[in-house]
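I need the structure of the sequence given here:
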Amino acid sequence: MIIDIHTHTYPTSVDSFIDADELIEEAKRIGLDGVCITDHDGFWDHREVEDLSKRHNFLVLPGCEVTTEEGHLLVYGLRRYIFGMHRAGFVKDKLDRENGAMVVAHPYRRTYRKGADVDADAYHEMLERASRNSVFDMVNGVELLNGRGLPEENAFSHDLADWFGLPGTGASDAHKLEDIGTYATEFERKITCLDDLIVELQAGRFKPVILDRGVEAKRAEFGMTAAAG
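Residues are numbered from 1 along each chain as shown. Okay, here's the model as predicted:
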């Protein structure tokens, strides 16, 4: 199954220009199998997400992009924001109690400096500095392909994931309708609900995929005739 696990909607994410219905209809149009709504530090009521899913006859799952001192984290399995979630360790403890999952979003931010990688040694120094972030010991995966990231920034994320031996995800990080359909995450097994998603993230049975604005483009590139799962 191919799911965009990192998207934003207005007004919960004030910097987004998409409402939830538009997001879902565009995801259906380009052939995705599902989307996760991960607004900034704002949790959707799970019942509202279920209603959206039923109304559109499409898989819609709740999550959140939590802003922490260690960076932005995509979390799946929590229901509300509480004081203390500005620290990654606090978020991790909450997720462990709720049996949730967590992915580092766009890890190149604040660490990759364009133009500073003048040679292999300088690049390695940036990578080593970024690797000191304790968050990489807490997560189930690293966002390798972010639709708002430059190719060299996403490449840096890939190298960070390799450094820690962590699996990678892909997502549009959509804030505008035209953002949807860049990258997504392909899961080996069928996902029908949030619990399924969490199990697959915990198990590492996923990989990032390039959509180029549509799932059919991805299938053609890899000689596929149908989405996995």
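
alpha carbons only for contacts and neighbour counts from here, please
Fine.

now the longest helix anywhere in the chain: how far from the chain's centre is it?
Taking DSSP state H as the criterion, the chain has its longest helix at helix 151-164. Relative to the centre of its chain, helix 151-164 is centred 15 Å away, using Cα atoms, centre = their mean, to the nearest Å.

swap in stretch 197-215?
In terms of Cα atoms, centre = their mean, the centre of stretch 197-215 is set 9 Å apart from its chain centre.

could we number from 865 for the rest of this?
All right, first residue 865 from here; so that's stretch 1061-1079.

what comes up buried for it?
1061-1062, 1064-1066, 1068, 1070-1075, 1077-1079 (16 or more other Cα atoms under 10 Å).

of those residues, closest to Leu1009?
Of all the buried residues of stretch 1061-1079, Pro1072 has the smallest distance to Leu1009: 6.6 Å, by Cα to Cα.

Which secondary structure state is assigned to that closest one?
Put simply, Pro1072 is strand when judged by DSSP: H, G, I helix; E, B strand; the rest coil.

Show me the beta-bridge partners of it.
Under DSSP bridges, the beta-bridge partners of Pro1072 are Thr1049.

Surely it is in contact with Glu1052?
No - here Pro1072 lies out of contact with Glu1052, judged by Cα atoms under 8 Å, at a distance of 11.5 Å.

Residue ranges in the protein under the pLDDT threshold?
For the chain, the stretches with pLDDT under 70 are 1078, 1080-1093.

hey, where'd the helices end up in it?
Counting by DSSP H, the helices of the chain are 884-893, 910-920, 952-962, 984-994, 1015-1028, 1058-1067, 1079-1085.

Adding distance to Ile1044, write those helices out as JSON lines.
Shown next, in JSON lines, are the helices of the chain (distance: least, Cα to Cα, whole Å):
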{"stretch": "helix 884-893", "distance to Ile1044": "7"}
{"stretch": "helix 910-920", "distance to Ile1044": "17"}
{"stretch": "helix 952-962", "distance to Ile1044": "28"}
{"stretch": "helix 984-994", "distance to Ile1044": "28"}
{"stretch": "helix 1015-1028", "distance to Ile1044": "17"}
{"stretch": "helix 1058-1067", "distance to Ile1044": "20"}
{"stretch": "helix 1079-1085", "distance to Ile1044": "11"}
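
Skipping its backbone neighbours, what lies nearest His904 in space?
The shortest distance from His904 to any non-neighbouring residue, by Cα to Cα, 6 or more residues apart in numbering, is to Glu929 (4.9 Å).

Run through the bridge partners of that neighbour.
Note on Glu929: beta-bridge partners by DSSP bridges are His904, Leu938.

buried residues in the longest helix of the chain?
Glu1017, Asn1018, Phe1020, Ser1021, His1022, Leu1024, Ala1025.

What's the local residue count around the closest residue to the fourth one other than its chain neighbours?
Using Cα to Cα, 6+ apart and skipping residues adjacent in sequence, the residue nearest Ser1021 is Leu1008, 5.2 Å away. The number of residues packed near Leu1008 is 30, by other Cα atoms under 10 Å.
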